[in-house]
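Novice: show me the folded form of this:
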Amino acid sequence: MRRFIALLIIMSLLLVSCGTTPAPSDDSDDRTPADDTTPPEPVNPDEPDAQPEPDSQPEPDSQPEPDVPDDQPQPIDPDDQPKPVFPDEEPEDTRTYTEILLSQMTLEEKVGQLFLIRPDSLDPSLTPDQVHETSLYGRTEASSSMLETLKKYPAGGIVYFGKNLVGPNTLKKYMDSLSSVSGIPLLYAVDEEGGIVSRIAQIDAFGVENIGYMANIGATGDIGKAYAAGQYIGSYLSSLDLKLDFAPVADINTNPNNIVIGKRAFGSDPALVSSMVGSFLDGLHSEETIGCTKHFPGHGDTSADTHEDYVSVMKTWDQLKEAELIPFVENFEKTDMIMIAHLTLPKITSDGLPASLSKELVTGKLRNELGYEGLITTDALAMGAIAKNYSSAEAAVLAFDAGIDILLMPYDYVEAFDGVVEAVKSGRISEDRLDESVLRILNLKYQYGLLQENQ
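Specialist: Residues are numbered from 1 along each chain as shown. Predicted coordinates:
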């Protein structure tokens, strides 16, 4: 018996030393310990990568994402970010043709666009008095010195008078010569109202009829006749490439002693004059000719001449709105530009300046109060009301600062040009303000085919 017990003890020790233990006995007494237990793989201490991970550590690929509180920035999804723009993927340029052209112009080119001048102003051998003399010293062709002046002082356009005109062929050669040295196409202009103010129709070589005074048309009450007048004038101006007509007169002839307007106006009734002005403009436009209503805020109730010196209108703004302003305001949408007279308005403005130099009138009244958005030009800056009281440079700067876009025929073009350039350089005139007016001028030229893309 003792031997049997000793044998059992020895067998148990042998089993323990082999890593197995007897399974407890239960109803499944057919199973062996090896059926329930798989011995672990042996671990080689020389292979660290083979070390088993502790049971408490999750696999790297199965790490749970941390919770992000609602008030914290959310993770950025790369797919939601704007794509970088590479050189071959530049954003589309949405600027208009004229805006792009404006951005490429020099300061001098921009300033030049503001000026419409007599061709004689380009001749350095003439004095300013000779340039503006009514019938003498007229230049009928472009000399080499005139072309050099135009290169140095580029203008926006040329205004022809009777003393510059011989006939269609001579005029064409004249215009071609000037255009050949102009980077931006020139706007060629003329005063062609009918009646006494008819630069082309008064010269037989052009072979056109003078349609007579607008007062005669107004007296018929037939707006169709005003349309026909504008269409006829526009047709022969267009055939000569004279794109701008300083017409129609929108003044109301209310003063029988008026020595400036008189029969040039359609009449004395605001409603009649307004309808006639609108029809005349329609006629011009039918021939692709630019129109200009004049002389804002109304030159009809005066008895003196701004060609000579100051002329005052003693009416209040409310009085002007009841009559003189009507033909202008009712044709804002039709006219291409408005000409400002050199009238002083002591009951309307407090600055004592002629209307053409008054910011109170041009910007305050015409632009802001009445809401006019088109081009604005001065009357000729060589007229006595301006030239006798201001230098050419000061007049040009004052007019532009007042809100004017086009500086018409200064007494001394070179001085006026240099004055505006210096005002921009010194900051008296901002480049933004300059760009505003130049863009209006370029847009007009583009609208009427003077500027063309890819030309």
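Novice: need phi/psi at residue 193.
Specialist: phi -90, psi -30 (degrees, to the nearest 10).
Novice: and it, how far is that from residue 451?
Specialist: 27 Å (CB to CB, to the nearest Å). C-beta coordinates here come from the backbone N, C-alpha and C atoms, glycine included.
Novice: ok, those two, which is more surrounded?
Specialist: Per other CB atoms under 10 Å, whichever of residue 193 and residue 451 has more neighbours is residue 193, with 23 against 17.
Novice: model confidence for that one, exactly?
Specialist: pLDDT for residue 193: 98.
Novice: could you find the closest non-adjacent residue to it?
Specialist: residue 247 (4.4 Å; CB to CB, 6 or more residues apart in numbering).
Novice: tell me the pLDDT at that neighbour?
Specialist: 98.
Novice: what of residue 260?
Specialist: 80.
Novice: what strand or helix carries it?
Specialist: For residue 260, there is no enclosing helix or strand under DSSP states H and E.
Novice: neighbours of it, how many?
Specialist: 21.
Novice: any low-confidence regions in the stretch 51-200 of the chain?
Specialist: 51-90 (pLDDT under 70).
Novice: do the same with the stretch 351-455 of the chain
Specialist: 455.
Novice: could you pull out the strands for the stretch 251-400 of the chain?
Specialist: 290-296, 311-312, 337-340, 343-344, 375-378 (DSSP state E, counting those that start in this stretch).
Novice: now do the residue nearest to the spatial centre of the chain against residue 395, distance only.
Specialist: Residue closest to the average C-alpha location in the chain (CA atoms, centre = their mean): residue 439, at 3.6 Å. Applying CB to CB, the value for residue 439 to residue 395 is 23 Å.
Novice: also residue 454?
Specialist: For residue 454 relative to residue 395 (CB to CB), the value is 38 Å.
Novice: distance between the ends of stretch 99-107?
Specialist: 15 Å (CA to CA, to the nearest Å).
Novice: list the buried ones in that stretch?
Specialist: Of all the residues in stretch 99-107, those buried under the rule 16 or more other CB atoms under 10 Å are 101, 102, 105.
Novice: contacting residues around the second one?
Specialist: Under the criterion of CB atoms under 8 Å, 6 or more residues apart in numbering, the contact list for residue 102 reads 110, 435, 438, 439, 442.
Novice: for those, give me CSV that also has secondary structure.
Specialist: Formatted as CSV, these follow (DSSP: H, G, I helix; E, B strand; the rest coil):
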residue, secondary structure
110, helix
435, helix
438, helix
439, helix
442, helix
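Novice: tell me the one of those nearest residue 421?
Specialist: residue 110 (9.3 Å; CB to CB).
Novice: count of neighbours near the residue nearest to that closest one when sequence neighbours are not counted?
Specialist: Leaving aside its sequence neighbours, residue 110 sits nearest to residue 438 (CB to CB, 6+ apart; 4.8 Å). By other CB under 10 Å, 24 other residues sit near residue 438.
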